[in-house]
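Trainee: no sequence on this one, just coordinates:
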């Protein structure tokens with residue numbers, strides 16, 4: 001059974017940083033891309049970033065380019081999202097997922113709140 005467990009969200013002031021992580025189990029980590037998505041209140045879920053665990057290729061949404069960095073630790077089956085220069089509009093529930101842009105498994109989500 002594939003499980004994705006996200007953690008590391010929280011409350012931070014604008015301009016601050018957070019580094020949520022997502023631990024994966026139940027499948028071969030290197031065989032899949034891993035992604036982060038987010039959903040703000042009243043908005044649709046959107047893709048934030050994606051990384052290929054096999055070759056490290058990355059994708060970022062325009063809204064986070066230059067501020068967020070996705071990385072993976074294949075030995076730990078964990079993917080990270082370093083979020084810097086956070087803005088109030090980054091406030092959302094952040095979900096990790098296996099495969100992107102069309103995930104087949106989702107984590108439970110972690111709340112990120114950025115205060116102005």
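Mentor: That came through, no problem. Computed from a predicted structure; not experimentally measured.
Trainee: pLDDT of stretch 58-78, averaged?
Mentor: For stretch 58-78, mean pLDDT rounds to 95.
Trainee: Would you pull up how far it lies from the middle of the chain?
Mentor: Put simply, stretch 58-78 sits 7 Å off its chain's centre (C-alpha atoms, centre = their mean, to the nearest Å).
Trainee: What of stretch 100-108?
Mentor: 11 Å.
Trainee: what about it, start to end distance?
Mentor: 16 Å (C-alpha to C-alpha, to the nearest Å).
Trainee: Can you give me the buried ones in it?
Mentor: Using 16 or more other C-beta atoms under 10 Å as the test for burial, stretch 100-108 gives 100, 103, 105, 106, 107. C-betas here are computed from N, CA, C, even on glycine.
Trainee: In helices only, show me the residues you listed.
Mentor: The helices, defined by DSSP state H, take in nothing from these.
Trainee: Among those residues, which lie within strands?
Mentor: 105, 106 (DSSP state E).
Trainee: got CSV for the buried residues of stretch 100-108, with distance to residue 44 and pLDDT too?
Mentor: Listed next are the buried residues of stretch 100-108 as CSV, based on distance: C-beta to C-beta, whole Å; pLDDT from 0 to 100:
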residue, distance to residue 44, pLDDT
100, 16, 92
103, 14, 95
105, 20, 96
106, 15, 96
107, 18, 95
